Each structure stands twice: as structure tokens, then as C-alpha cells.
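Asker: Sequence and predicted structure, then a few things I'm wondering about:
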Amino acid sequence: MLSTTPKILRFPARSCLFSVRERCLKAWAWHPLGSEAMQCRVVSHWEGAYDQVVEQADRLDLSVADAGELLGEIAAHRLAPGLLCRAHRRAGHGADFDCIFLHGHLCTREMPPCTGRCPSYAAHPDRPFEQPESL
């Protein structure tokens, strides 16, 4: 005899407003100024290096071109993504920084996993509800 009781499975809520690559963006969404723990460390290092070069260029009265060369040298020697983050994986988009885990300036690896529909679930207007691929 076959059971008529449906099985309810938990699966990542891809249609949720907070779902990003099966990770939950809710912590970021409620903290618009950002969560340090979720920031991409490579992007943070690059921003810090850029700020330092700008300050140094101002102090030394360097031209924009000279400051750009200085930043390029620093990036080539100390700011390579693979040196700053062991988890860095190229996505192949050809951008300056195209890690597969990058979402804006956040690292999806640092976001909590999305375990399925939760009390904070909010339907994303551009993503229809998705059925699991197999039961």
C-alpha cells in the first residue's frame, strides 16, 4: 500500500529575497552599513591600499598618473587575491576581481547557509517559487 502522506523537504529558498547562492543575506540586509565579518577581505585590503596611496600622493604632491603607477606596483606585489585570500577562486569574467564567492563587496562564504523557508522568508519579486529538482 502506498503512503498518501506527502513528504515535506527543506531546501534552499532560492525564491527568497535574502537568498544569494544558497546563502542567507538577511544579516547584511538588516545592517545597511555592513557587517565586517561578511566583507570580502580582498576588497577591504584593496580599499585600504587605495586610501593609503591617495593620502601618500597628497603628501608627496604626486600627479594622478604617478599615484596610479604607485597603486599598480603595490597591487602587483602585495595585493594579489590569491595572497590575501586562500579561498579565492576566479570566476573568469575578466573583471579586476572576479571571485566566484563575491557578491557586491561581500563574501558569500561568510554568509550563513540558507536552510530553507524560515520566519524571515520574503518572496523575491523577480524569482518565482522554485520546486526542488528531485524529491
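Answerer: Received it, and whenever you're ready, just let me know what you need. Numbering: from 1, shown residues only.
Asker: longest helix of the chain?
Answerer: Counting residues, the longest helix found in the chain (DSSP state H) is helix 41-60.
Asker: List the buried residues for the helix or strand just after it?
Answerer: Per DSSP states H and E, the first helix or strand lying C-terminal to helix 41-60 is helix 64-78. Buried positions in helix 64-78, judged by neighbour count with 16 or more other C-beta atoms under 10 Å: Ala67, Leu70, Leu71, Ile74, Ala75. (C-beta placed from N, C-alpha, C; glycine too.)
Asker: and helix 64-78, what does it pack onto?
Answerer: helix 41-60 (3 or more C-beta pairs under 8 Å, 6 or more residues apart in numbering; DSSP states H and E).
Asker: As CSV, could you dump the C-alpha coordinates of the helix it packs on?
Answerer: Output of helix 41-60 as CSV, limited to C-alpha atoms (Å, rounded to 0.1, in the frame of the first residue of the first chain):
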residue,chain,number,x,y,z
ARG,A,41,38.8,40.6,2.7
VAL,A,42,40.5,41.2,-0.7
VAL,A,43,38.2,44.1,-1.5
SER,A,44,38.8,45.5,2.0
HIS,A,45,42.5,45.3,1.5
TRP,A,46,42.3,47.0,-1.9
GLU,A,47,40.2,49.8,-0.5
GLY,A,48,42.6,50.3,2.3
ALA,A,49,45.6,50.3,-0.1
TYR,A,50,43.8,52.8,-2.3
ASP,A,51,43.2,55.1,0.6
GLN,A,52,46.8,54.9,1.7
VAL,A,53,48.0,55.7,-1.8
VAL,A,54,45.7,58.7,-2.1
GLU,A,55,47.0,60.0,1.2
GLN,A,56,50.6,59.5,0.3
ALA,A,57,50.1,61.1,-3.1
ASP,A,58,48.6,64.1,-1.4
ARG,A,59,51.5,64.4,1.0
LEU,A,60,54.1,64.0,-1.8
